[in-house]
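*Asks:* Please work out how this folds:
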Amino acid sequence: MKKILSISFVCVLFGGGQATAANIAVITSPPTMLKFVVFGVVIGCLVASVKLMAVLKGGLLFKSWQIFMFAFAVLGLSQLAALLKDFEIFALPEFVGPALWALVCGLFLYGIFEAKKILD
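*Replies:* Residues are numbered from 1 along each chain as shown. Purely as a prediction, here's the structure:
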């Protein structure tokens, strides 16, 4: 009990900060709605790639689908970061978005080359 009280006291004492409301008006803008749709599709693609990797079980195409799964994960991370930036929950530097997109494109391209190498 003392441990819980001391952890709670420390969290209240040092965890307090400025609380502001998120920008709710941005939810209805078309770019934000498109980011929600892309984020939902990415979650579906992640689930499908995990299930497909379970079926492959270390086969020849396992590495390329693993790369695709990482690409979908980075794409989801970039969409989530863009949504959090739109809602003004936290601020991102301007180079983070394009850097994540470049990483996603590179991972997809590398996955395609790996699959092409196996299928040739």
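
*Asks:* residues touching the one residue sitting closest to the centre of the chain, list them.
*Replies:* By C-alpha atoms, centre = their mean, the mean C-alpha position of the chain lies nearest to L77, the distance being 1.9 Å. Contacts for L77 (C-beta atoms under 8 Å, 6 or more residues apart in numbering) come out as L100. C-beta: built from backbone N, CA, C; applies to glycine.

*Asks:* Tell me which helix or strand it sits in.
*Replies:* helix 62-86 (DSSP states H and E).

*Asks:* buried sites along that helix?
*Replies:* Neighbour counts over helix 62-86 (16 or more other C-beta atoms under 10 Å) mark 63-76, 78-79, 82-83, 85-86 as buried.

*Asks:* likewise stretch 45-62?
*Replies:* For stretch 45-62, a neighbour-count test (16+ other C-beta under 10 Å) marks C45, L46, S49, M53 as buried.

*Asks:* can you check stretch 99-110 too?
*Replies:* Residues L100, L103, V104, L107, F108 are the ones in stretch 99-110 that count as buried (16+ other C-beta under 10 Å).

*Asks:* Name the surrounding residues that touch it.
*Replies:* Against stretch 99-110 from outside (C-beta under 8 Å, 6+ apart): I67, F68, F70, A71, V74, L75, L77, S78, A81.

*Asks:* go with 10 Å
*Replies:* For stretch 99-110, the external contacting residues (C-beta atoms under 10 Å, 6 or more residues apart in numbering) are 42, 64, 67-79, 81-82, 92-93.
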